[in-house]
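>>> What follows is a predicted protein model with its sequence.
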Amino acid sequence: MRDMRGLRDSDVYKSALEHFKDTNPCQHNIFKNLHIERTENRCPICECLIDGSVHRKNIKNKDAVITGTIDHFRPTEYYPNFKCEDKNYLLLCSDCNNVLKKSLFPLYGSQTRATSILNVNSEKPLLVNPIDDDIEELFTLLFIFRPDGSKILEVAIHPTLAEESYLYEKAKKSIEIFKLGECHTSNSTDNVQICRIGILRKHFEDLYEIALAFKNNSSELRVLLQEYKTRNNKHGFMKFIKNKNFKIIIPQG
């Protein structure tokens, strides 16, 4: 998961915003490349590459390429006044956006939806926004060794969050909607779920040795990091690992 905080403070973003204000109708793709640069060509939620290299089978069993799309974070179905608000745009991969999130936007408790960008701070959305939220406050990583010998990286609720608190429920609902956790127990034949499990297994493969070296303060860490860079891997999850915000789960017995 990618920390995108500070994106809107950059000079290049402010320049794009001025250009955006002159477009009619509003063209949110003006911001797409800025989001992609910040996420280094990965979805900021599931960290899937969005450079055209990841494929899956769609419901018609045809090959589908996972791409990057600019989403209305608050869907226009419920927030028609937010269609041209730049603070309502978020890059997501096509699976996170079109297949999983769709028009979902749950709120905590019984709240009235905001009608203006000026009063969104009164809302408590249950979906994470990496531009606005501290993702490490909400989540931790699990490197899981399954009894069947397979391995997977999953996102879990941060252990410091009190059960049923707002942030706990936000982390829980985000993981549930974006299918980032409990994947290791799934026997689903759904193509998106299979792809997501494949992505999370690839994350494990890319990151586990580095995480283990950080955990053990291993002398091999520098070499592993250099090898990681030569593979041109740029996961936002690395920030979790460097802060030791993860846990390794090995089955007992």
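Cool, got the structure. Residues are numbered from 1 along each chain as shown.
>>> center of this structure, which residue is that?
residue 45 (0.7 Å; C-alpha atoms, centre = their mean).
>>> Walk me through which strands the worst-scoring helix or strand of the chain on mean pLDDT pairs with, and which way each runs.
In the chain, no helix or strand scores lower on mean pLDDT, DSSP states H and E than strand 55-57, which sits at a mean of 84. As defined by DSSP bridges, the strand partners of strand 55-57 come to strand 63-65 (antiparallel).
>>> Past the strand it pairs with, which element shows up next along the chain?
strand 68-72 (DSSP states H and E).
>>> shaky segments in the stretch 101-250 of the chain?
The stretch 101-250 of the chain contains residues with pLDDT under 70 at 184-189.
>>> Could I get the full set of helices for it?
Taking DSSP state H, counting those that start in this stretch as the criterion, the stretch 101-250 of the chain carries its helices at 135-138, 166-178, 191-216, 221-230, 237-242.
>>> Can you add mean neighbour count and distance to residue 4 and give those back as a markdown table?
Placement of C-beta: from N, CA and C, glycine included. Shown next, in a markdown table, are the helices of the stretch 101-250 of the chain (neighbours: other C-beta atoms under 10 Å; distance: least, C-beta to C-beta, whole Å):
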| stretch | mean neighbour count | distance to residue 4 |
| --- | --- | --- |
| helix 135-138 | 18 | 9 |
| helix 166-178 | 19 | 15 |
| helix 191-216 | 18 | 18 |
| helix 221-230 | 12 | 21 |
| helix 237-242 | 18 | 12 |
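>>> Quick one: end-to-end length of stretch 149-163, please.
End-to-end distance for stretch 149-163, by C-alpha to C-alpha, to the nearest Å: 31 Å.
>>> Check which residues of it are buried.
Neighbour counts using 16 or more other C-beta atoms under 10 Å place 152-158, 161 of stretch 149-163 among the buried residues.
>>> Nearest to residue 129 among those residues?
Comparing the buried residues of stretch 149-163 against residue 129 with C-beta to C-beta places residue 155 closest, at 15.1 Å.
>>> In strands, which of the buried residues of stretch 149-163 fall?
152-157 (DSSP state E).
>>> is it fair to say residue 47 lies in a helix?
No. According to DSSP: H, G, I helix; E, B strand; the rest coil, the state of residue 47 is coil, so it is not within a helix.
>>> show me the contacts for it.
1-2, 199, 203, 235-237 (C-beta atoms under 8 Å, 6 or more residues apart in numbering).
>>> Take those and write them to TSV, including distance to residue 126.
TSV is the format used below for the contacts of residue 47 (distance: C-beta to C-beta, whole Å):
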residue	distance to residue 126
1	16
2	19
199	23
203	24
235	25
236	21
237	22
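>>> Among those residues, which one sits closest to residue 134?
For the contacts of residue 47, the closest approach to residue 134 (C-beta to C-beta) belongs to residue 1, at 11.2 Å.
>>> ok, and the closest non-adjacent residue to residue 136?
Spatial nearest neighbour of residue 136, excluding adjacent residues (C-beta to C-beta, 6 or more residues apart in numbering): residue 245 at 5.5 Å.
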